[in-house]
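Visitor: Quick one, fold the following:
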Amino acid sequence: MADKLKNYETIGCCGIDCGLCPRFHTNGDSACPGCGGFNFQDKHPSCGFLTCCVIKKGLEVCSDCKDYPCKRFDSEKEGYDSFVTHKMVFTNLEAIKANGIESFIENQSVRIDILNYLLQNFDDGRSKSFFCTCCALLPLEQLKEVFGFANTHDDQSDTKEKCRQIKDTITKTANNLGIDLRLKKNK
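Guide: Okay, here's the model as predicted:
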C-alpha cells in the first residue's frame with residue numbers, strides 16, 4: 001500500500017519517536033518512512049498498533065483511544081524492547097494526550113532539526129545512532145544547549161575531532177542528568 005495512512009509519520013501511533021530513529025534517516029532499502037508514511041505497510045505489514053489505531057479506529061495515536069493503554073502495551077510496560085525509540089513511548093503519548101499532537105510535533109520538529117544538523121555537520125560515519133539517541137532522550141532545553149555548543153564548533157575541518165568533541169559534550173550532559181545513552185538496555 002503506497003498511500004500515507006497518518007498525518008504525522010514522525011510519531012508512531014504507539015508513541016515511538018519515528019522521526020528520531022536511525023532508520024528514518026537512512027537512505028536505501030532499509031529506510032523506514034515513519035509510522036503510516038508512504039509505503040509503510042511494505043516495510044511493516046503486520047503492525048498491530050497501526051491496524052488497531054489507524055486503520056480500524058481512524059486515530060492518529062493510541063493515546064487518543066478510550067482504551068489506552070491497552071494490552072498491546074504490556075511488553076512496553078515491562079521494558080522488554082531495548083530499541084531506543086521505545087524508551088519514550090509513554091512520555092510521548094502522555095504529552096500528546098495532555099497538550100495535543102500539534103504541540104508535540106512542534107517540539108519534535110525542533111529535535112529533528114537538531115538531529116539533521118548533527119548528522120550533516122558532525123557524523124563521522126559511525127555516529128548516527130548515537131545522535132538519534134541523544135535527540136530522543138535529552139530534555140529539549142539541554143538538547144538546545146548542545147546545539148548551541150555544536151553551532152560554535154562546526155567550522156572545524158576535521159570531522160572526527162569535531163564529532164568526538166560534540167559526543168563528549170552530549171555524554172557529559174546526559175551523565176549529569178542521569179540519562180543512559182547506551183543503545184542496549186541493561187537488565
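
Visitor: For the rest of this, base every contact and every neighbour count on C-alpha atoms.
Guide: OK.

Visitor: Give me the pLDDT for the residue of the chain most remote from its centre.
Guide: The C-alpha centroid of the chain is most remote from residue 157, which lies 28.8 Å away (Cα atoms, centre = their mean). For residue 157, the model assigns a pLDDT of 71.

Visitor: can you check residue 50 too?
Guide: 89.

Visitor: contacting residues for it?
Guide: Residue 50 makes contact with 13, 14, 35, 36, according to Cα atoms under 8 Å, 6 or more residues apart in numbering.

Visitor: Please repeat the previous calculation with a cut-off of 10 Å.
Guide: Applying Cα atoms under 10 Å, 6 or more residues apart in numbering, we find residue 50 in contact with 5-6, 12-14, 35-36, 40-41, 44, 56-62.

Visitor: And for residue 34?
Guide: Taking Cα under 10 Å, 6+ apart, we find residue 34 in contact with 4, 6, 8-12, 16-21, 23-25, 40, 43.

Visitor: how about 8 Å then?
Guide: Each residue near residue 34 by Cα under 8 Å, 6+ apart is listed here: 9, 10, 11, 12, 18, 19, 24, 40.

Visitor: Residue 179 now?
Guide: Here residue 179 is in contact with 137, 138 (criterion: Cα under 8 Å, 6+ apart).

Visitor: picking up where we left off before, in helices only, show me the contacts of residue 50.
Guide: Cross-referencing those against helices under DSSP state H gives 40, 41.

Visitor: after the helix or strand of the chain with the lowest mean pLDDT, next one along is what?
Guide: Within the chain, no helix or strand scores below helix 74-78, which has a mean of 68 by mean pLDDT, DSSP states H and E. Scanning forward in sequence from helix 74-78 by DSSP states H and E, the next helix or strand is helix 89-99.

Visitor: With that, I have no additional questions.
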